[in-house]
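Chemist: Sequence below, structure please.
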Amino acid sequence: MIYCRGMCVMVKYQEIANELRNQIQEGVYKAGEQLALEREMCEQYGVSRITIKKAVDQLVKDGLVVKRRGSGTFVKSLASEDVHDISMANQFSGFSKVFEGHEIATKVVRFDIIHPTAEVAEKLNITTDDFVYDIVRLRQVDGDPVVIEYTNMPIELIPGIKREVLENSIYRYIEEQLHFKIQSAHRFIRALLPTPEEEELLHIDHGTMPILEVEQIAFLDDGRAFEYSKAHHRGDKQVFRVVSIR
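Modeler: Predicted coordinates for the structure are as follows:
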């Protein structure tokens, strides 16, 4: 087991599941490709078949892999030819990684440092006397605006963010420069009508299209909340795919 601040936060099967998840996200295992056999992973990680089974079952629950009786375990393909797909497989990789291979542009609409509202402070488990980044970004794919991101992050936890980071990938900065591990997120998705400013930024004719709001609280692997955000997506540009496992 791995311990943090006196509390058990990860056991061996979760550690193996995380490593396999990263390999899938990074393309080590590609869509349709078979994972190593259970006995091979037992030898690789020095654990029992029960541990490997629990790790793979976690990936099945995440919607990343599928078990085929008599054949093995294979990486699922969640790609969509017509729309951009936001799935469990890539939700922690950041916008740039999700749309890798496309021309990505980011316009920083607002970048301030403020005291959080009571709601934001509660979500991030901080106080209203603390400071957060107040960030609004317009993200474009191949020249088309697809999402406006409203983001708050605690400065004490995520220091050093500059405009250059905002124009690229905050998640990459967090993992590669601050050496934190992004672990999980709680998401709430709802349909809304865009504001006049959002209609202008997203190139939506007035009254013609709803937007999809994705409210998110994201956590590091030690359980600390590092991001509270609301992303407003054009309703015709995104698909949010949920895989339910009984």
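
Chemist: for the one helix or strand Arg172 maps to, which positions count as buried?
Modeler: In the assignment (DSSP states H and E), Arg172 maps to helix 170-172. Using 16 or more other Cβ atoms under 10 Å as the test for burial, helix 170-172 gives Ile170, Tyr171. To be clear about C-beta, it is placed using only N, CA and C from the backbone, and glycine gets the same treatment.

Chemist: just stretch 176-192 next, same as before
Modeler: In terms of neighbour count (16+ other Cβ under 10 Å), stretch 176-192 has its buried residues at Phe180, Ile182, Gln183.

Chemist: got the residues you listed as a markdown table, with distance to Arg137, pLDDT and secondary structure columns?
Modeler: Formatted as a markdown table, the buried residues of stretch 176-192 follow (distance: Cβ to Cβ, whole Å; pLDDT from 0 to 100; DSSP: H, G, I helix; E, B strand; the rest coil):
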| residue | distance to Arg137 | pLDDT | secondary structure |
| --- | --- | --- | --- |
| Phe180 | 20 | 94 | coil |
| Ile182 | 18 | 89 | strand |
| Gln183 | 23 | 84 | strand |
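
Chemist: ok, these vs Gly223, which is closest?
Modeler: Nearest to Gly223 among the buried residues of stretch 176-192: Gln183, at 8.1 Å, using Cβ to Cβ.

Chemist: The closest one is in contact with Phe226, isn't it?
Modeler: No. Using Cβ atoms under 8 Å, Gln183 makes no contact with Phe226, being 9.9 Å away.

Chemist: and for those two, which residues touch both?
Modeler: Residues touching both Gln183 and Phe226 (Cβ atoms under 8 Å, 6 or more residues apart in numbering) are Phe219, Leu220.

Chemist: quick one: which of the buried residues of stretch 176-192 is nearest Ala218?
Modeler: Proximity of the buried residues of stretch 176-192 to Ala218 (Cβ to Cβ) peaks at Ile182, which lies at 6.5 Å.

Chemist: separation between the closest one and Leu202?
Modeler: Ile182 sits 26 Å away from Leu202, going by Cβ to Cβ, to the nearest Å.

Chemist: what's near enough to touch Ile189?
Modeler: Ile189 neighbours (Cβ under 8 Å, 6+ apart): Leu212, Glu213, Val214, Glu215, Phe240.

Chemist: Greatest separation within the residues you listed: which pair is it?
Modeler: Across the contacts of Ile189 (Cβ to Cβ), the longest gap, 12.4 Å, separates Glu215 and Phe240.

Chemist: Mind jotting down where the helices sit in the protein?
Modeler: Along the chain, counting by DSSP state H, helices occupy 12-25, 38-45, 49-62, 95-98, 118-124, 163-166, 170-172, 196-201.

Chemist: For those, give me JSON lines that also has distance to Leu220 and mean pLDDT.
Modeler: As requested, the helices of the chain are exported to JSON lines (distance: least, Cβ to Cβ, whole Å; pLDDT from 0 to 100):
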{"stretch": "helix 12-25", "distance to Leu220": "13", "mean pLDDT": "89"}
{"stretch": "helix 38-45", "distance to Leu220": "24", "mean pLDDT": "92"}
{"stretch": "helix 49-62", "distance to Leu220": "18", "mean pLDDT": "88"}
{"stretch": "helix 95-98", "distance to Leu220": "18", "mean pLDDT": "64"}
{"stretch": "helix 118-124", "distance to Leu220": "12", "mean pLDDT": "96"}
{"stretch": "helix 163-166", "distance to Leu220": "17", "mean pLDDT": "95"}
{"stretch": "helix 170-172", "distance to Leu220": "11", "mean pLDDT": "92"}
{"stretch": "helix 196-201", "distance to Leu220": "30", "mean pLDDT": "95"}
